[in-house]
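Q: let's see this in three dimensions:
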Amino acid sequence: MNIAAMIKLTVAMAIFGSIGFFTIHTGIPAVELVFIRCICATLFLGGMWLIVGGHKSEKWNKKEIEKTLLCGIFLVLNWVFLFKAFEEMSISIAISIYNLAPIFVLILGVVLLAEKMSFGAILATIVCFIGSILIVGLENFSSFNDFASSGFGWALLSAVCYALTVFISKTISGVSSYALTFLQTIVGILMLFPFCDFTVFEGLTTTNWLYILGTGIIHTGFVYYLFFDSIRNLSTVVVSVLVFVDPVVAILLDVLILSFSPSIVQIAGILLIFGSILYTVYYPTKVSHR
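A: Reported below is the predicted structural model:
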């Protein structure tokens, strides 16, 4: 067990748990916020990369660079979709749906790697989706307009893109963590520049800019360096368990600071989702040690 990697991932997830709180105080839409995050992270990680001299010893492999760039596309889409979800629904609800990602990683393994999926895993997947419907509310599925305005679709897309990011990044080993995230945030800048409305930056307060820079330097640069540096040294099961630090922090902040008060049905949905995910990542490990 790589203790240092576990600590890095735990710290990264704890910090990332506050991203929803920061996002709603930036005062700008999802696309523009992700664009600024990518600029801040590129400068931060590029500077760190130069300071530690990593650029001198970096070994470039065409196949791994292609994977890194593809991973960058999914990473940026994951951010945009998650922030769009924050605009439409409570942070707690969005984060709960977002953390369906481990289930999607499992499904990707079945589809792309021909891994076998047990009956328990299939049942857990079904229960997760039932839980996600409960926390959004059955009434929001009565018509397409209600569904579209609920933010469910954005949160679900963010989970899928996050799963693809984790799935692909686990196959990248020759690119340093600095170079990996640096290249991915460059991809974000190029992707989002044509879609940015720069008028949204007019009239922002100092507080808005502090939250914006915080999401860029801390939540993007620092956190994603820790994230990608740690997951390559940890098993998928350990990564899947430690990412639970993120929603725990997010939900606590939402309840304690933003006064979110979930209904009994929403609490049941949250418990169904996280209970099923814990079963999915823990039960196979338990069985393998019998």
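
Q: give the other helices and strands that the lengthiest helix in the chain contacts.
A: The helix spanning the most residues in the chain, taking DSSP state H as the definition, is helix 62-88. On a contact count with 3 or more Cβ pairs under 8 Å, 6 or more residues apart in numbering; DSSP states H and E, helix 62-88 meets helix 19-23, helix 30-51, helix 91-98, helix 152-169, helix 177-192. To be clear about C-beta, it is placed using only N, CA and C from the backbone, and glycine gets the same treatment.

Q: which of those is buried the deepest?
A: For the helices and strands packed on helix 62-88, average neighbour numbers computed from mean count of other Cβ atoms under 10 Å are highest in helix 91-98, which has a mean of 28.

Q: what residues does Met191 make contact with?
A: For Met191, the contact set (Cβ atoms under 8 Å, 6 or more residues apart in numbering) comprises Ile73, Val76.

Q: on that earlier part again, quick one, which of the helices and strands packed on helix 62-88 gets closest to Asp254.
A: Taking Cβ to Cβ, helix 91-98 is the member of the helices and strands packed on helix 62-88 nearest to Asp254, at 4.4 Å.

Q: buried residues, the helix or strand following that closest one. List them.
A: Once the chain leaves helix 91-98, the next helix or strand it forms, by DSSP states H and E, is helix 101-113. Residues of helix 101-113 classed as buried under the neighbour-count rule (16 or more other Cβ atoms under 10 Å) are Ala101, Pro102, Ile103, Phe104, Val105, Leu106, Ile107, Leu108, Gly109.

Q: number of nearby residues for Met13?
A: Met13 sits with 23 neighbouring residues when counted by other Cβ atoms under 10 Å.

Q: just Ser132 next, same as before
A: So Ser132, with other Cβ under 10 Å, has 22 neighbours.

Q: helix or strand: which one has it?
A: Following DSSP H and E, one finds Ser132 within helix 119-136.

Q: what is that helix packed up against?
A: Here helix 119-136 touches helix 91-98, helix 101-113, helix 152-169, helix 264-288, going by 3+ Cβ pairs under 8 Å, 6+ apart.

Q: contacting residues around Val76?
A: Listed by Cβ under 8 Å, 6+ apart, the contact set of Val76 reads Val34, Cys38, Gln184, Val187, Gly188, Met191, Leu192.

Q: still on that earlier bit, which of the buried residues of helix 101-113 lies closest to Asn208?
A: For the buried residues of helix 101-113, the nearest to Asn208 is Ala101 (29.2 Å; Cβ to Cβ).

Q: what separation do you get for the closest one and Ile7?
A: According to Cβ to Cβ, to the nearest Å, Ala101 and Ile7 sit 22 Å apart.

Q: run through the stretch 1-150 of the chain and note the low-pLDDT ranges.
A: For the stretch 1-150 of the chain, the stretches flagged by pLDDT under 70 are 1, 114-115, 117, 136-148.

Q: I figured Val200 hits Glu32, correct?
A: Yes: Val200 is within contact range of Glu32, at 5.2 Å (criterion: Cβ atoms under 8 Å).

Q: among the helices and strands packed on helix 62-88, which is nearest Phe260?
A: Of all the helices and strands packed on helix 62-88, helix 91-98 comes closest under Cβ to Cβ, at 5.3 Å.

Q: helices or strands up against that closest one?
A: When contacts are defined as 3+ Cβ pairs under 8 Å, 6+ apart, helix 91-98 sits against helix 19-23, helix 62-88, helix 119-136, helix 152-169, helix 245-256, helix 264-288.

Q: make TSV from the helices and strands packed on helix 119-136 and add distance to Lys67 to it.
A: What follows is these, written out as TSV (distance: least, Cβ to Cβ, whole Å):
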stretch	distance to Lys67
helix 91-98	23
helix 101-113	13
helix 152-169	6
helix 264-288	24
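
Q: out of those helices, which is closest to Leu43?
A: Among the helices and strands packed on helix 119-136, the nearest to Leu43 by Cβ to Cβ is helix 152-169 (21.5 Å).

Q: chain center to the closest one, what's the gap?
A: The chain centre lies 7 Å from the centre of helix 152-169; the measure is Cα atoms, centre = their mean, to the nearest Å.

Q: now for it, which elements pack on it?
A: Against helix 152-169 (3+ Cβ pairs under 8 Å, 6+ apart) you get helix 62-88, helix 91-98, helix 101-113, helix 119-136, helix 223-231.

Q: between those, which one is closest to Trp209.
A: Nearest to Trp209 among the helices and strands packed on helix 152-169 is helix 62-88 (16.9 Å), distances taken as Cβ to Cβ.
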